[in-house]
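Undergrad: coords please:
(chains A and B)
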There are 2 protein chains.
Amino acid sequence: MTETHAFTVKARDGAARIGELRFSRGTVRTPAFMPVGTAGTVKAMFPETVRSTGADIVLGNTYHLMLRPGAERVAELGGLHRFMNWPLPILTDSGGFQVMSLASLRKLTEDGVTFRSHLDGSEHHLTPERSIEIQRLLGADVTMQLDECVALPCPDEEAERAMRLSLRWAERSKAAFGTDPARALFGIVQGGTVPSLRLASAEGLTAIGFDGYAIGGLAVGEPQDVMLKTLEETVPALPEERPRYLMGVGTPEDILLSVLRGVDMFDCVMPTRAGRHGQAYTRFGRVNLRNARHAADPRPLDEESECPAARDYSRAYLHHLIKAGEILGAMLLTWINVHYYQTLTAGIREAIAAGRLADFAAQTRAAWAAGDLPARD
Amino acid sequence: MTETHAFTVKARDGAARIGELRFSRGTVRTPAFMPVGTAGTVKAMFPETVRSTGADIVLGNTYHLMLRPGAERVAELGGLHRFMNWPLPILTDSGGFQVMSLASLRKLTEDGVTFRSHLDGSEHHLTPERSIEIQRLLGADVTMQLDECVALPCPDEEAERAMRLSLRWAERSKAAFGTDPARALFGIVQGGTVPSLRLASAEGLTAIGFDGYAIGGLAVGEPQDVMLKTLEETVPALPEERPRYLMGVGTPEDILLSVLRGVDMFDCVMPTRAGRHGQAYTRFGRVNLRNARHAADPRPLDEESECPAARDYSRAYLHHLIKAGEILGAMLLTWINVHYYQTLTAGIREAIAAGRLADFAAQTRAAWAAGDLPARD
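TA: As a prediction, this is how the structure comes out:
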């Protein structure tokens, strides 16, 4: 196993743990939520604002960046950190997931995947080796192996085929990545919702040896209980001393329940995408600022929040901005949401440190269930 | 004349002057550029960022705000300052200009103008009295009279008719405004490009007595030299001890040349609108970030700028954001532009104080004419 940067588990509470993943650019406190910086920007946020919410790391999308402006271009410009003015760690995905969801005319072979760009129709070929090369050009602190993610539900044979292919690609990814003490390479567990496939995937990846282990192929349409059951079956098969990353997850509740099952890292477009559509994540649950009940409400979204956007603007103003299609509405709500996700993970870390995660989870879920403040009369 | 807040001319350089317009909410340093906060937001900017550029005052649009969320609604919510989280002075326009440019089925009578909302087709009636009432509900520090602005070129008879109507509306506006020592009321000079009409308008308004005098009906399609000539004929007819506001102007050069002719205040959507369309205003002139020559350029737009957006991001990144339609592109370029307009007016004020405005103007125009930095080879 490549001994690169250090991951240290600092404390445990049940299956949950807090840890630190250290890079030369900074330390990622886990459990960590990584805001998604799709095309070199966490949409509608200044990087300083992202940082101010407490985010230690952001995610960049290989698929988007390889098509525009191109990985070689980003490298010439000094890498993704400099390009997007984000000096802290960056995790890049492999590009595989978005090839499958966004590109057209995809053709998957043992070698890799050929596809046409959704932007201009140009043809591209992505292999495990090219994905590693692109992520190196981008300058990722955490590189992800190329894998194949199938939509759920799917036949067991299909889940197994994709899992086996992903394992072979994991091996090629590791070989292509080589040894790079400054950067980390994560493998990705696949296997659908079939416990034996997940175990085989986890064992295969562990045998190859990675700096961290992602759980892929979840949050792709299955019910939450199926996802949680799969986590319960998969996480114990992963090495204790390595970070575990649940890809593309999820709602605040998904995150809380997954931490309880031993997950350390998360990414999701929900807080940013929802913000652009007038939805806020708060300690009262999800609040739809488009709703007319906010139109005359002078109260801030959450007067106890430490986020200026949640505290210094009325609900009526946020409602107005969203209704009017103003960019500032997306800016404020995205900020509110990313801040809330960071507040949640910070609260989770504190609770684990204090050995009271179960209480924290119960209280947090009760507050979500109680819902938003009653309308002003 | 109502003695309200104080306007003090602090120094002169030729026809140009620097001054201070003091309100309980803050002092406006003139010459001043007012960013336009159309619908309760300077588009794509946090109010703190607007303030950080050096803006002392912003403009709010009565037409937009009366339709959505409604003036009474804004008043219930504590006024426009609180609504948009902008604690400094606000000038509101009368709504008339945008009724003429945006609304449908307009019908103008001696009493006022009836129109249908461009948002939902609802019918509204705007009179001089209602415009004053709306601006009071919004809580404007500077209220503008309702006027009729004609497009140029237009027949002299039409310019005279609109100017006479605007004068009668000025009288009604003054009566409706009454006495309010905390707030200012500005009259608006009309008269197209006919010197005798401009003089009659200025004299009529001065006889009524206002806290400031706006020059309306310019920058509506006429060549720059026609605008400047009209200013040269109009400004000397305005009271020395009152601020002069050239409405809807303009490019950086328009502003510089108008200050040289004695104008104190400006507003324009150019810096914000251009920013959303990939255009930057800089000391090198206007720069189109969409242009492919920026695609691989690692240099910031202006490394000597004090604006983080102009200094901390490469031209290649700005180009990428604009090409990708990312909100952050609009955020950064709007910030750059509003900052540049404030830097320009701050430079103008310093030059007037030092009695070297002519030199400043020559150097600034020469730098604009020299154009952007040469492309990187």
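Undergrad: got the residues of the stretch 251-377 of chain A near chain B?
TA: A:276, A:295-296, A:298, A:308, A:312-314, A:316-317, A:320-321, A:323-324, A:326-328, A:330-331 (Cβ under 8 Å from any Cβ of the partner chain). For glycine as for every other residue, the C-beta is placed from the backbone atoms N, C-alpha and C.
Undergrad: The nearest residue to A:Ser166 once chain neighbours are set aside and A:Gly178, how far apart?
TA: Of all residues not flanking A:Ser166 in the chain, A:Asp147 sits nearest, at 3.9 Å (Cβ to Cβ, 6 or more residues apart in numbering or on different chains). Per Cβ to Cβ, to the nearest Å, A:Asp147 is found 19 Å from A:Gly178.
Undergrad: In terms of packing, which of those two has more residues around it?
TA: Ranked by neighbour count (other Cβ atoms under 10 Å in any protein chain shown), A:Asp147 and A:Gly178 place A:Asp147 first, with 28 against 10.
Undergrad: that's a strand at the more buried one, yeah?
TA: No - using DSSP: H, G, I helix; E, B strand; the rest coil, the assignment for A:Asp147 is coil, not a strand.
Undergrad: Who are the contact partners of it?
TA: For A:Asp147, the contact set (Cβ atoms under 8 Å, 6 or more residues apart in numbering or on different chains) comprises A:Ser94, A:Gly96, A:Ala162, A:Ser166, A:Trp169, A:Ala170, A:Ile188, A:Gln190, A:Gly216.
Undergrad: ok, 7 Å please
TA: Neighbouring residues of A:Asp147 by Cβ atoms under 7 Å, 6 or more residues apart in numbering or on different chains: A:Ser94, A:Gly96, A:Ser166, A:Trp169, A:Ile188, A:Gln190, A:Gly216.
Undergrad: cool, A:Val338 as well?
TA: A:Pro35, A:Met45, A:Val50, A:Thr53, A:Ala55, A:Pro271, A:Thr272.
Undergrad: My read is that the third one contacts A:Val42, right?
TA: I take that to be A:Val50. Yes - counting by Cβ atoms under 7 Å, A:Val50 touches A:Val42, with 5.0 Å between them.
Undergrad: Pretty sure A:Gly54 sits against A:Gln342.
TA: Yes - look at A:Gly54 against A:Gln342 with Cβ under 7 Å: they come within range, at 3.9 Å.
Undergrad: next one: phi and psi at A:Glu240?
TA: The phi/psi pair for A:Glu240 (degrees, to the nearest 10) reads phi -60, psi -40.
Undergrad: Assign the closest residue to it other than its chain neighbours to helix, strand or coil.
TA: Excluding the flanking residues, the one nearest A:Glu240 by Cβ to Cβ, 6+ apart is A:Val9, at 7.3 Å. At A:Val9 the chain is in strand, as set by three-state DSSP.
Undergrad: neighbours around A:Val9, how many?
TA: 15.
Undergrad: Relative to B:Pro31, how far out is it?
TA: 61 Å.
Undergrad: One more: A:Leu88?
TA: Computed as Cβ to Cβ, the A:Leu88 to B:Pro31 distance reads 42 Å.
Undergrad: neighbour count winner among those two?
TA: Ranked by neighbour count (other Cβ under 10 Å), A:Leu88 and B:Pro31 place B:Pro31 first, with 27 against 18.
Undergrad: So that one is in contact with B:Ile348, correct?
TA: Yes - with contacts counted by Cβ under 7 Å, B:Pro31 reaches B:Ile348, the gap being 5.4 Å.
Undergrad: Give the residues shared as contacts by these two.
TA: Residues touching both B:Pro31 and B:Ile348 by Cβ under 7 Å, 6+ apart: B:Val259.
Undergrad: Dump the contacts of A:Val338 into a markdown table; add neighbour count, distance to A:Ala140 and pLDDT as well.
TA: What follows is those, written out as a markdown table (neighbours: other Cβ atoms under 10 Å in any protein chain shown; distance: Cβ to Cβ, whole Å; pLDDT from 0 to 100):
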| residue | neighbour count | distance to A:Ala140 | pLDDT |
| --- | --- | --- | --- |
| A:Pro35 | 24 | 15 | 98 |
| A:Met45 | 27 | 20 | 98 |
| A:Val50 | 24 | 17 | 98 |
| A:Thr53 | 24 | 21 | 98 |
| A:Ala55 | 26 | 16 | 98 |
| A:Pro271 | 27 | 22 | 98 |
| A:Thr272 | 25 | 20 | 98 |
